[in-house]
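Trainee: Everything below, folded, please.
(one chain, ligands or ions: 1)
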Amino acid sequence: MAAGSPPGRSAAQGDLIVGYPDVRPRRLRASPAMRRLVAETRLDAACLVLPLFVREAVDAPIPIGSMPGVVNHTRASLVEAARAAASAGVGGVMLFGVPAERDAVGSGATDPDGILNAAVRDVVAAVGGDLVVMADLCLDEFTDHGHCGVLADDGTVDNDATLARYADMAVALAQAGAHVVGTSGMMDGQVAAVRTALDAAGHRDTVILAYAAKYASALYGPFREAVDSALVGDRRTYQQDPANRRESLREVALDAAEGADIVMVKPAGTSLDVIADVAAAVDLPVAAYQVSGEYAMLEAAAANGWIDRERAILETLTVIRRAGADLVLTYWAAEVAGWLGAGQDEVLRGHRGAVPGGLPPTPGELPPTPRELSARDANLREFREMPTRSGAFAVAGEGVGGAAAEGGVPTGAAGDGVPA
Ligand code: PBG
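Mentor: Down below sits the predicted model:
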């Protein structure tokens, strides 16, 4: 061995360096600054879209039991939540309407004064210049049977009759000012029907975000509570079987050919393989929807102190982006955008570790509401009273400048900026 070679080095000078002990991947993980420099995927508030629910004829926001921190908004509180999302830097909002009355064809969806169309007008007027306003284009919230389309005499969902309703709904939403319509009903031909109707009505610039690969998922359960769904049974005759992967590429190719501007995969966390396939197959932006059940599972685990809420949220969003999603719909969009505010990326936050009460507000982040503060205090108190937990999260402490243990005090902040 040549004099001066590092201890343990086996290769002679000039030899190819092919592995240990010369090659040491850990060098690039040794400090928070190094990890931050070489991170392949970054989260950015601009790629996050916040789904919001607005309910007709309510005078106060109604909490959704299975989605702590998410509410059914009044028209007024919806506007406030949209403003908060815009100030946090969120890229867009996706609106869902819950009407007071329902019927077989979902008349409320095409009524210009129906709750969703009215809410679109409100939100576009308030923040339409600051973020992208999207609206769900589907009948399930508006039908008394809860299906995404109209029914044939034999009780099955009538694909082609539904397309005519979607066409009318698309025009109503575009007239209300929606920048983007999200075709989420999984009817065959829905993107073409909507594009044709929009263009015929002069709405050439309205964007279609196609729920292209949408699985019949148990993870939509909390959403069905959120929209007070009337559905009995399931949607397996139109949404996809989670067993299928190639089928998603077929659905995506059809939607792209029909004129989709953005294609979406849903749910996100259980479809990372599909997101990657789709991102490789199309030259359109790819969206992924982190759905209500993904939110509920993580919130429930965090509320029990079983998981580090903040790290888990950032990890799930980061890997959805890593799989290939350009934009992500998530009920944490506004909160995460606040975290990301002043260069507070994941690594830096891990570096700083736990700060009692959470990190100080960053410029551009709204001060917490009294409700958020009291929820945060309650969570902190509970957290401190559980001594056995402190060791469980002490994984971030190793390495140069690593934070001490307890790298994740739950903040308990509301998921969608609910006004107090
Ligand atoms: C249909 C629609 C659903 C969701 C978004 N759009 C419900 C369904 O397909 O049953 C689910 C979103 C979520 O679970 O967060 N309008």
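
Trainee: Please list the residues of this structure that sit near the ligand.
Mentor: Proximity of the chain to the ligand is confined to Asp136, Cys138, Asp140, Cys148, Ser184, Tyr220, Phe223, Arg235, Val291, Ser292 under the rule Cβ under 6 Å from any ligand atom. All C-beta spots, glycine's among them, are computed from the backbone N, C-alpha and C.

Trainee: Quick one: the strands in this protein, in order.
Mentor: 48-55, 62-63, 71-73, 92-98, 132-137, 180-183, 207-214, 262-266, 286-289, 327-329 (DSSP state E).

Trainee: So for stretch 100-112, first residue to last residue, what's the gap.
Mentor: One end of stretch 100-112 to the other measures 15 Å (Cα to Cα, to the nearest Å).

Trainee: Which residue does the stretch 301-420 of the chain have closest to the ligand?
Mentor: The ligand sits closest to Tyr331 of the stretch 301-420 of the chain, with a gap of 7.3 Å, by Cβ to the nearest ligand atom.

Trainee: Am I right that that residue is in contact with Met67?
Mentor: Yes. Using Cβ atoms under 8 Å, Tyr331 is in contact with Met67, at 6.6 Å.

Trainee: so who does the residue of the stretch 301-420 of the chain closest to the ligand touch?
Mentor: With Cβ atoms under 8 Å, 6 or more residues apart in numbering as the criterion, the residues that contact Tyr331 are Leu50, Pro51, Met67, Gly69, Val70, Gln290, Ser292, Tyr295, Gly415, Asp416.

Trainee: What remains of those residues if I keep only buried residues?
Mentor: Neighbour counting with 16 or more other Cβ atoms under 10 Å marks Leu50, Pro51, Met67, Gly69, Val70, Gln290, Ser292, Tyr295, Gly415, Asp416 as buried within the contacts of Tyr331.

Trainee: Tell me which two in these are the farthest apart.
Mentor: Gly69 and Gln290 (14.2 Å; Cβ to Cβ).

Trainee: which residues of this protein score low on pLDDT?
Mentor: Along the chain, the parts satisfying pLDDT under 70 run over 1-14, 342-420.

Trainee: what residue is smack in the middle of it?
Mentor: Centroid-nearest residue in the chain, with Cα atoms, centre = their mean: Thr330, separated by 1.8 Å.

Trainee: Can you tell me how far it is from Asp168?
Mentor: Distance, Thr330 to Asp168, using Cβ to Cβ, to the nearest Å: 30 Å.

Trainee: can you pull the contacts of the one residue in the stretch 51-200 of the chain that gets nearest to the ligand?
Mentor: Among all residues of the stretch 51-200 of the chain, Cys138 sits closest to the ligand, at 3.6 Å; criterion: Cβ to the nearest ligand atom. Residues near Cys138 by Cβ under 8 Å, 6+ apart: Cys148, Tyr166, Gly182, Thr183, Ser184, Gly185.

Trainee: Phi, psi for it please.
Mentor: Dihedral pair for Cys138: phi -160, psi 160, per degrees, to the nearest 10.

Trainee: what bridges to Pro63?
Mentor: Judged by DSSP bridges, the bridge partners of Pro63 are Val71.

Trainee: Was I right to think it contacts Arg55?
Mentor: No. Contact criterion Cβ under 8 Å: Pro63 and Arg55 do not qualify, at 11.7 Å.

Trainee: higher neighbour count, these two?
Mentor: More neighbours surround Arg55 than the other of Pro63 and Arg55, with 25 against 14 (other Cβ atoms under 10 Å).

Trainee: dump the residue contacts of that one.
Mentor: Ile62, Asn72, His73, Thr74, Gly97, Val98, Ile115.

Trainee: Val232 now?
Mentor: By Cβ under 8 Å, 6+ apart, the neighbours of Val232 are His145, Gly146.

Trainee: so how far is the ligand from it?
Mentor: 13 Å (Cβ to the nearest ligand atom, to the nearest Å).

Trainee: List phi and psi for that residue.
Mentor: Note on Val232: backbone dihedrals following degrees, to the nearest 10 are phi -120, psi 130.

Trainee: do the same with Pro242
Mentor: Pro242 adopts backbone torsions of phi -60, psi -10, taken as degrees, to the nearest 10.

Trainee: Tyr215 is in contact with that one, correct?
Mentor: Yes. With contact defined as Cβ under 8 Å, Pro242 and Tyr215 form a contacting pair (4.7 Å).

Trainee: More neighbours: which of those two?
Mentor: Applying other Cβ under 10 Å to Pro242 and Tyr215 shows that Tyr215 carries more neighbours, namely 25 against 15.

Trainee: separation between Ala323 and Ala312?
Mentor: Noted for Ala323: a distance of 17 Å to Ala312, by Cβ to Cβ.

Trainee: Look at those two and report which has more neighbours.
Mentor: Counted by other Cβ under 10 Å, Ala323 and Ala312 do not tie: Ala323 has more neighbours, with 22 against 17.

Trainee: show me the contacts for the more buried one.
Mentor: Going by Cβ under 8 Å, 6+ apart, Ala323 touches Leu272, Asp273, Ile275, Ala276, Ala279, Ala288.

Trainee: buried subset of those?
Mentor: Among the contacts of Ala323, those buried by neighbour count (16+ other Cβ under 10 Å) are Leu272, Ile275, Ala276, Ala279, Ala288.
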